[in-house]
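Student: From the sequence below, what's the structure:
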Amino acid sequence: MDHPKAVGKLLTSFECQAKSVEPQHFLFLIKTMKLASYQDGSKDGQLVVVSKDLQTAHFASAIAHTLQDALDDWNFFSPQLQDLYDALNQGRARYAFPFSPAMCKAPLPRAYQRVHAQAYQRQRLGQSPSELAVQPPMMFGSSTRLMGALEDVRLQHATGLFDFESEIAVITDEIEQGVSELDAIQGVRLLMLSCAWTMHSQGDPLEPAQTSLIPMIEKPFSSFGPVAVTPDELGQAWSAGRVHLTLESRVNDKRIGLNECGQDMDFHFGQLVAAYCAHRPMAAGTIVTTGAVCNAGVLQGQDWVWPHGVSCLSQKRAIEARTQGQAHTPYLKPRDKVHIELKAKNGHPLMGAIEQYLVADGDEDAVQGHS
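Tutor: Numbers count the residues shown, from 1 in each chain. Below is the predicted model:
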C-alpha cells in the first residue's frame, strides 16, 4: 500500500483513520509539538518551542519569529519546529533554557478573528435533543489583545456581575469557504486552554432558572493557557474533533468542576469551523472557543445532581436555583482567583494552567500573584 499524501496539508491520526489508512502508514505524518510566545517587548512576542514535560524551552527565532509567522506557512515551518521539538525532548537542543509560564503571553497574542461558540448548547441551556439548534450559536469576540495565562485581570468597574468560562480553544490554518466538517478538522493546527471573562450587564442572567437563553452579555477579556499543542500531542484523547480529557476549574483554590470535555459536546470543532465557513473563509490564526464546558446532570432518585460540577459561576447559580429555589453562590469580586487546568490521563500537565487574579482598578494593595 502506498503512503497517503495530502496536498497542502499534514494528516493527523484521526484524518488517516477517516480515510481508512492503516496505522503503520501514517505514523510518519503525525506532528506533535508544544509552542508558546515569550514576552519580548513586542505585541506578538517571540515564538518558543516547549518540551513535552513543560520543563525546558528553546527560541524558534531561526525558524519563525512569531506563532502567526509559523501559521501563515504551516506546511513549511512545522517540520522545522518538529525537528527542534524532538531535539529539545532528547536533550540535543544546544541553547535550551528552563521554561517559565510567567514569561508567556497568550500563545497567539493577537488573532485575525476570535469566534466564541456554544458547543455545549443543550447542557448549558437545558434543551432537549429536539430543541437543539442545527447550527451552533456563535458570537465574535475581541482579538486585538489576548491575555496571558498569569496576567491579573484589571476591572475598571468593580460593580456588576463578573464571571468566567473555562473553555477549550483551537487555532486554525487558512480554511476555504464551504468546507466540510471532516476537512474542517484537518484545518485545526493547535489546541489551547481558554478563559472567557464575562460581564453580565443587565440583572442576573440565570434567574429565573427556567430562562432558556442568556441575555446579551459582554466578554471584555479572554485569556489563554501558556502553551498551545498540536492535536496529535493529545494522542487518543483527540478524537473526531473533540478533546476527551478532564478540565478542572477552581475559584479561590476551591474546586467547582471536573468536567469531561468530550462527553457532552453537542458540536465538535469540525462542526464549529464548518458553520463559520458556511458563508466566509477562515484566516490562518483564527481562534475558535467552545464556550463553557458542560456536563449533563443525572437523576438520583427524585433529585437532580451534577457530579462533574461546573466551569462557570452562572452554571452553578442555575443549578442552585433549580435545586434549592434560589442561587447562593456570588459572582466574582476583586482579589478572587480563578484556576483552570487540563491534564493528561496519566496526570501529567499538557498545556500549563491559567491562574489569574481579579484586581480592581486603583487597588494598589491587591495581591500580585504572578509579578
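Student: Quick check: nearest residue in space to residue 272, chain neighbours excluded?
Tutor: Leaving aside its sequence neighbours, residue 272 sits nearest to residue 117 (Cβ to Cβ, 6 or more residues apart in numbering; 4.9 Å). Any C-beta I mention is one placed from the backbone N, CA and C, and that applies to glycine too.
Student: Residue 313 now?
Tutor: Per Cβ to Cβ, 6+ apart, closest to residue 313 is residue 163, 4.9 Å.
Student: bridging residues for that neighbour?
Tutor: residue 198 (DSSP bridges).
Student: who touches it in this structure?
Tutor: 197-200, 312-314, 331-332 (Cβ atoms under 8 Å, 6 or more residues apart in numbering).
Student: So residue 245 sits against residue 351, correct?
Tutor: No - contact criterion Cβ atoms under 8 Å: residue 245 and residue 351 do not qualify, at 10.1 Å.
Student: Of the two, which one has the most company?
Tutor: residue 351 (28 against 18; other Cβ atoms under 10 Å).
Student: which stretch of helix or strand covers the more buried one?
Tutor: Element membership of residue 351, judged by DSSP states H and E, is strand 349-360.
Student: How about residue 167?
Tutor: strand 161-172.
Student: re earlier: just the contacts of residue 163 now: which is nearest residue 35?
Tutor: residue 197 (23.7 Å; Cβ to Cβ).
Student: excluding its backbone neighbours, what's nearest the closest one?
Tutor: That would be residue 221: by Cβ to Cβ, 6+ apart, it lies 4.1 Å from residue 197.
Student: Quick check: next helix or strand after the lowest-mean-pLDDT helix or strand in the chain?
Tutor: Here the helix or strand of the chain ranked lowest by mean pLDDT, DSSP states H and E is helix 13-18, holding a mean of 42. Following helix 13-18 in sequence order, the next helix or strand is strand 34-38 (DSSP H and E).
Student: Show me what the following helix or strand past that next one pairs with in its sheet, parallel or antiparallel.
Tutor: Helices and strands here follow DSSP H and E; after strand 34-38, the next one along the chain is strand 46-50. Using DSSP bridges, the strands paired with strand 46-50 are strand 34-38 (antiparallel), strand 56-59 (antiparallel).
Student: how close does the nearest residue to residue 303 once chain neighbours are set aside get to residue 119?
Tutor: With sequence-adjacent residues excluded and distances taken as Cβ to Cβ, 6+ apart, residue 303 is closest to residue 323, at 7.2 Å. The spacing between residue 323 and residue 119, counted by Cβ to Cβ, to the nearest Å, is 25 Å.
Student: do the same with residue 180
Tutor: 18 Å.
Student: higher neighbour count, these two?
Tutor: With neighbours defined as other Cβ under 10 Å, residue 180 and residue 119 compare such that residue 119 has more, 29 against 11.
Student: what about this protein, any weak spots by pLDDT?
Tutor: 1-30, 122-133, 157-160, 201-218, 364-371 (pLDDT under 70).
Student: which residues are in contact with the longest helix seen in it?
Tutor: Ranked by residue count, the top helix of the chain under DSSP state H comes out as helix 74-89. Helix 74-89 is contacted by residues 8-10, 31-35, 49-52, 56-58, 60, 63-64, 69-70, 93, 96, 173, 189, 284 when judged by Cβ under 8 Å, 6+ apart.
Student: What strand or helix carries residue 327?
Tutor: Going by DSSP H and E, residue 327 is not in any helix or strand.
Student: how close does the spatially closest residue to it that is not a sequence neighbour get to residue 332?
Tutor: Leaving out its chain neighbours, the residue that sits closest to residue 327 by Cβ to Cβ, 6+ apart is residue 317, at 3.6 Å. Going from residue 317 to residue 332 by Cβ to Cβ gives 12 Å.
Student: repeat for residue 198
Tutor: With Cβ to Cβ as the criterion, residue 198 and residue 332 are 9 Å apart.
Student: Which one's more surrounded, these two?
Tutor: Under the neighbour definition other Cβ under 10 Å, residue 198 and residue 332 were set side by side, and residue 198 has more, 26 against 21.
Student: you'd agree that one is up against residue 222?
Tutor: No - in this structure residue 198 lies outside contact range of residue 222 using Cβ under 8 Å: 9.9 Å.
Student: So residue 275: helix, strand or coil?
Tutor: Classification of residue 275 by DSSP: H, G, I helix; E, B strand; the rest coil places it in helix.
Student: heads up, I number from 24, so please use that
Tutor: Okay, using 24 as the starting number, the last item reads as residue 298.
Student: Mind telling me what element the closest residue to it other than its chain neighbours is part of?
Tutor: In this structure, residue 298 finds its nearest non-sequential neighbour in residue 158, 5.0 Å apart by Cβ to Cβ, 6+ apart. Counting by DSSP H and E, no helix or strand carries residue 158.
Student: From residue 93, how far out is residue 158?
Tutor: 31 Å.
Student: ok, the residue nearest to residue 268 when sequence neighbours are not counted - contacts?
Tutor: Ranked by Cβ to Cβ, 6+ apart and with sequence neighbours excluded, the top spatial neighbour of residue 268 is residue 260, at 5.0 Å. By Cβ under 8 Å, 6+ apart, the contact set of residue 260 is 266-268, 367-368.
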